[in-house]
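Visitor: Give me coordinates for this.
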Amino acid sequence: MVNSFHMCVKIFYSLNRLELSDFFNSALKTIIPIFDFILQWNHPALIEQNPTKPSVLTEIKTTVLKCCVILIQLYSEDIEPYAKQLTQSVLNVLANAPSSSSEDQLVSYGLSYITTIVKYRSMAPLVMENQDLTQLISKLIFPNIHIREEDKELFEESPEQYIRRDIEGSDNETRRRAGHDLLNGLKKNDQSGVVMNLLGTKLNETMSSQEWEKQDMAIYIFISIAVLQETRASGVVEVHPQFNVLEYYDRFITPILGNPGQTHPILIADAIKFATIFRAQLTPNHINELFKMLGNLLMHKNKIVHTYAAWSIERIIELKLQNGQQYRLSVQDLLPPCDLLLSRLFDALHQHVESQCNEYIMKTILTICIRLKDAFERYIDRFIQPLSVMMGAVVKESKIPQFDHYLFDTIGCIIRYVPSRVQLFEQYILPNCNQILQNNVREFTPYALQLLGVMLESQPRNKQLPQHYFDVFGQIVKPHMYDNRSNIPGVVGYINSFLAYSPEVIFEKSPKMLTDTLNIFSTLINNTTYDHEGFRVVNAIVQHVPFRFFEQHFANILTILFNRLQRRPGAKFLRCLIIFFSLFTVKHNAELLIQTIEGIQQGLFNIISEKWVSNIDTVHGIKQRKICAIALIKLACGTPYVFRHMPVEFVWPHMIEFCVKIIDPEKLDPTAYFTSGIAQSRTGEGFHELKGTSSASGGASLLDNFMDPKAFFHDQLKSLFSNPEVGQQAQALLNKVNMTEQQKVR
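Guide: Just a heads-up that it's a prediction; the model follows:
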């Protein structure tokens, strides 16, 4: 019977969670007394003998508390008449709850209920004006944020779970988290200052204690009540005026971090967390000293301590000013401490057996590399060999995927930022990449392709391309390689890098490579999920390969595209097709495009151009819109075919309107360059793009002569109006352009 009743309460919660009906609102006068009865109900037959397992009664009360929280959130005004009695029942439940872990969820949701009550001005006095507010804080909040034996065991036995709870925010149903949230709620409604005075007194008392457990509690209280506003990028941006962070840091935190041998590891982790949360309040001198202490703590034998040290370094290096744009620490600020920090980070991976695949340490190394960019070159000779060894180890046996990703990303960033050392990278990294491809290691093949691509892009143009890059190309064009979906973005990226290198040399050496590339294009373009990758291939051909090499294939390329357009015309495909037409028009010329299309079927370009012009505004992205703007201007103002063979009275005014619209300065940055990442998406199932390989090379010079599309538009119109054959006709047609757009043209 009890289990059946519990199921009914669960169903009630689920229905309210979905806000399916207002029936429950009208039934509150019946439901609330039942909930109140359950919260007060106790029966000896329902007591659980196992202290680690919640009793059936505890589970029912927990679900009732969840229901009460959601009812307040949904029907705050209607539930107000019942709030006083319900709140008293909840306080009684909390006061009588045992400290065992089996009651954690019950206490957590009980505190969440009180927190929810405090958020509503009309109901907050039930708690804030309670004569027993002192008792509430001292008897309910403090005991529940005090570290317990279960927390100590978790720290020692399950470091990963402790870290997830403490710094990754997975502690939503813990007593500490609920106590923290309630402290925040009380703080925000503390008009009289009673709460802050009580907390300040408790803070001084616990921080001055010689017991590390009380110091741990003091740090937790300080963080809970001193932080008023916080962002991930800028840290704490507003502190409660009653608290002096630097004074507290100097007095209590620095001694803990500076003398770790005399302190419990949990308290050291707390101190690191404090320094990290309040990193924006630290002065440059504080940060420099903190870096030294964190560097030492990276060698601490406790996994949580050296993990927190790495996490703190990463967060400080990534710290931005309140504008969210500029970093607090410049590259010049980072260079002096990074020598020590990098050495200690690599030492930590090597010396701590339990942290050889520590994702936090690897992420910190990656962050340093990203921030330093080409300044990282001074460290390459020291660290490329350890990185190579780690790469070889994870290829043989992958343990933590996130660590693997940060490792490959670090290597990719180093190659990208220091291309002059490509021969060194080939010496250490290339063998691992070849092993991945030869053994078909599925989870690492996308990474290997990206690293090979960025190494290829780093090759000096005045030397012959090494043979192993040709060998890799021969491997990736095999069907089994791009049949694996997670490989597709990497395969396409490598092809783009390959074509950008020196297509004349490549295709004169092996003409079959172009055929292989076009086969991949044909396969991908007919896949609705990866057709954008097919466009990346053909766009690279258009952008990098001289037309004479693919002239004989161009009609076939267009036929493949038109067949796909006829069968399955999707919005994404149409956008990519417009970008492809625009790219070809700018790189070569519109007349050549029109001539080839008309050669396939007479009058076909009129149909295609209607789709081109009417859908061009669906193209998004600054760089993509720029290429489309230039192409449409060239088509409208520099192509005789438009005036000779198209219904110009209808088409040309629309072209001009779209030209004006697409070069709108609010939508188009005239300083933006076009890159070969034109198809917009590079992600795929199982594919993880590396930051260090995401900046495609080539193409930047394509629009160097069109830095200001608006000026180019005016020049083209002026040239068109002065044309003796069509100039007068064009000026007459300008009167048919929408008046608003016409004024912009003139």
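
Visitor: Would you map the helices across the stretch 401-550 of the chain?
Guide: Using DSSP state H, counting those that start in this stretch, the helices assigned to the stretch 401-550 of the chain run over residues 401-417, 422-428, 430-438, 445-457, 467-476, 479-483, 488-501, 503-509, 512-525, 531-544, 547-567.

Visitor: Alpha carbons only: can I get the second one in PDB?
Guide: I take that to be helix 422-428. Output for helix 422-428, consisting of C-alpha atoms alone and laid out as PDB, is shown next (Å, rounded to 0.1, in the frame of the first residue of the first chain):
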ATOM      1  CA  VAL A 422      57.300  21.000 -39.200                       C
ATOM      2  CA  GLN A 423      60.200  18.600 -39.800                       C
ATOM      3  CA  LEU A 424      60.500  18.100 -36.000                       C
ATOM      4  CA  PHE A 425      56.800  17.300 -35.900                       C
ATOM      5  CA  GLU A 426      57.100  14.900 -38.700                       C
ATOM      6  CA  GLN A 427      59.900  13.100 -36.800                       C
ATOM      7  CA  TYR A 428      57.800  12.700 -33.600                       C
END
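
Visitor: Let me see the mean pLDDT of that helix.
Guide: For helix 422-428, the per-residue pLDDT values average out at 94.

Visitor: Could you do the first one as well?
Guide: Per-residue confidence for helix 401-417 averages out to 95 on the pLDDT scale.

Visitor: That one: how far from the chain's middle?
Guide: The offset between the C-alpha centroid of helix 401-417 and the centroid of the whole chain comes to 16 Å, using Cα atoms, centre = their mean, to the nearest Å.

Visitor: quick one, strands of this protein?
Guide: For the chain, the strands defined by DSSP state E occupy 227-231, 235-239.

Visitor: I'd like the ones you listed laid out as TSV, including distance to residue 476.
Guide: From N, CA and C alone the C-beta is placed, and that goes for glycine too. Output for the strands of the chain, formatted as TSV (distance: least, Cβ to Cβ, whole Å):
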stretch	distance to residue 476
strand 227-231	42
strand 235-239	44
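
Visitor: which of the ones you listed sits most buried?
Guide: For those, average neighbour numbers computed from mean count of other Cβ atoms under 10 Å are highest in strand 235-239, which has a mean of 17.

Visitor: For that one, which strands pair with it and how are they oriented?
Guide: For strand 235-239, the paired strands and their directions (DSSP bridges) read strand 227-231 (antiparallel).

Visitor: so how far is the strand it pairs with off the chain centroid?
Guide: Relative to its parent chain, strand 227-231 has a centroid offset of 21 Å by Cα atoms, centre = their mean.

Visitor: next one: stretch 577-589
Guide: The chain centroid and the centroid of stretch 577-589 are separated by 32 Å, computed with Cα atoms, centre = their mean.

Visitor: hey, C-alpha coordinates of it in PDB?
Guide: Extracted as PDB, the C-alpha positions of stretch 577-589 are listed here (Å, rounded to 0.1, in the frame of the first residue of the first chain):
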ATOM      1  CA  LEU A 577      25.000  25.600 -53.900                       C
ATOM      2  CA  ILE A 578      24.600  29.400 -54.000                       C
ATOM      3  CA  ILE A 579      28.000  29.700 -52.200                       C
ATOM      4  CA  PHE A 580      29.500  27.300 -54.800                       C
ATOM      5  CA  PHE A 581      28.200  29.400 -57.700                       C
ATOM      6  CA  SER A 582      29.400  32.600 -56.000                       C
ATOM      7  CA  LEU A 583      32.800  31.200 -55.400                       C
ATOM      8  CA  PHE A 584      33.200  30.100 -59.000                       C
ATOM      9  CA  THR A 585      31.900  33.500 -60.300                       C
ATOM     10  CA  VAL A 586      34.500  35.400 -58.200                       C
ATOM     11  CA  LYS A 587      37.400  33.000 -58.800                       C
ATOM     12  CA  HIS A 588      36.800  32.600 -62.600                       C
ATOM     13  CA  ASN A 589      33.800  34.400 -64.200                       C
END
